[in-house]
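K.L.:
Need coordinates for the below:
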Amino acid sequence: MPLRVAIVDDDARYRATLEELIRRAEEFELAASFPGPSPLLRRAEEAAAADRDPGFDVVLMDLEMPELGGIEATRRFKALLPAVRVVVVTVFEQPGTILEAICAGADGYLLKKSRAADLLGGIRAVMEGGAPLTPNVARSVLELVRRMPGSGETPAPPTRLDLTEREQDVLRALVEGSSYKEAGEALGISLGTVRSHVTAIYRKLQVHSVAEAVGRAIRDRIV
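P.N.:
Predicted coordinates for the structure are as follows:
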């Protein structure tokens with residue numbers, strides 16, 4: 001079954017480019033395309049109120065839109081339909097903006113200048129449990145964390161979290177944008193073991209998604 005994609009972007013030319021990219025990819029289906037977040041949020045409100053499928057599995061969200069910014073739109077959308085993934089696709093590379101989007105609930109953060117194959121790969125990765133960040137974005141986020149007050153020290157994670165060393169390894173891989181499969185390969189563990197660690201991480205961090213876990217890890221400097 002193809003992955004159903006919705007697009008939200010006020011730039012008609014770029015939106016058309018994304019539409020064509022999704023149509024040409026066999027594993028994807030263009031389910032909806034919106035010139036701004038208002039119609040997306042109306043669809044989400046209706047689906048949430050009726051407890052029904054909104055008609056798409058992932059939303060590609062621009063950030064700079066005149067009526068409502070993509071960060072706030074992401075926050076409102078995820079509050080209504082937390083199971084639907086949101087991948088930011090934008091021109092902004094500022095670390096603070098990236099961190100704010102992740103903390104708002106974005107499941108991935110990709111740049112519009114990325115190659116078509118990388119955009120499609122990022123969408124695919126988020127549906128496989130990853131939190132895709134382009135290399136430049138990942139470096140920006142990590143640099144922001146290093147510049148945070150006290151980041152020159154290496155304090156142990158708060159004892160209330162009680163993350164094991166392996167759980168910290170898995171969480172660190174997710175922060176760096178790895179999918180479950182990539183994290184398992186890098187750490188030499190099975191996909192099932194990665195999933196078990198992620199379940200434990202969610203419970204200990206009191207989160208419900210990769211994006212929330214990554215946001216918490218970055219904000220609280222857990223890894």
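K.L.:
wait, Val8 sits on Gly70?
P.N.:
Yes - counting by CB atoms under 8 Å, Val8 does reach Gly70; the two are 7.3 Å apart. In this view, the C-beta of every residue, glycine as well, is placed from N, C-alpha and C.
K.L.:
Tell me the residues that contact both of those two, please.
P.N.:
Counting by CB atoms under 8 Å, 6 or more residues apart in numbering, the shared contacts of Val8 and Gly70 are 37, 61-62.
K.L.:
Closest one to Ile222 out of those residues, please.
P.N.:
Met61 (25.8 Å; CB to CB).
K.L.:
For the closest one, what are phi and psi?
P.N.:
Dihedral pair for Met61: phi -110, psi 120, per degrees, to the nearest 10.
K.L.:
thought it was touching Thr74?
P.N.:
Yes - between Met61 and Thr74 there is a contact at 5.7 Å, judged by CB under 8 Å.
K.L.:
more neighbours, those two?
P.N.:
Met61 (30 against 27; other CB atoms under 10 Å).
K.L.:
Run through the bridge partners of that one.
P.N.:
Bridge pairing for Met61 (DSSP bridges) gives the partners Val8, Val88.
K.L.:
Can you tell me how far it is from Leu18?
P.N.:
11 Å (CB to CB, to the nearest Å).
K.L.:
Equivalent analysis for Val223, please.
P.N.:
Distance from Val223 to Leu18, by CB to CB: 33 Å.
K.L.:
quick revisit: shared neighbours, Met61 and Leu18?
P.N.:
Jointly contacting Met61 and Leu18 under the rule CB under 8 Å, 6+ apart are Val89.
K.L.:
what about Leu91, neighbour count?
P.N.:
You called it Leu, but residue 91 is Val. 12.
K.L.:
Just confirm it contacts Tyr109, I think it does.
P.N.:
No - with contacts counted by CB under 8 Å, Val91 stays clear of Tyr109, the gap being 11.8 Å.
K.L.:
Find residues that contact each of Met61 and Thr74.
P.N.:
With CB under 8 Å, 6+ apart as the test, Met61 and Thr74 both reach 86, 88, 106.
K.L.:
for this protein, what helix or strand is lowest in average pLDDT?
P.N.:
helix 135-147 (a mean of 58; mean pLDDT, DSSP states H and E).
K.L.:
Please work out how many residues are found near Glu20.
P.N.:
Count around Glu20 with other CB under 10 Å applied: 12.
K.L.:
the strands in this structure, which residues?
P.N.:
For the chain, the strands defined by DSSP state E cover 3-8, 28-34, 58-61, 85-90, 108-111.
K.L.:
Show residues contacting the third one.
P.N.:
If I follow you right, that is strand 58-61. Contacts for strand 58-61 (CB under 8 Å, 6+ apart): 3-9, 18, 37, 40, 70, 73-74, 77, 84-89, 106-107, 123, 126-127.
K.L.:
ok, 6 Å please
P.N.:
For strand 58-61, the external contacting residues (CB atoms under 6 Å, 6 or more residues apart in numbering) are 5-8, 70, 74, 85-89.
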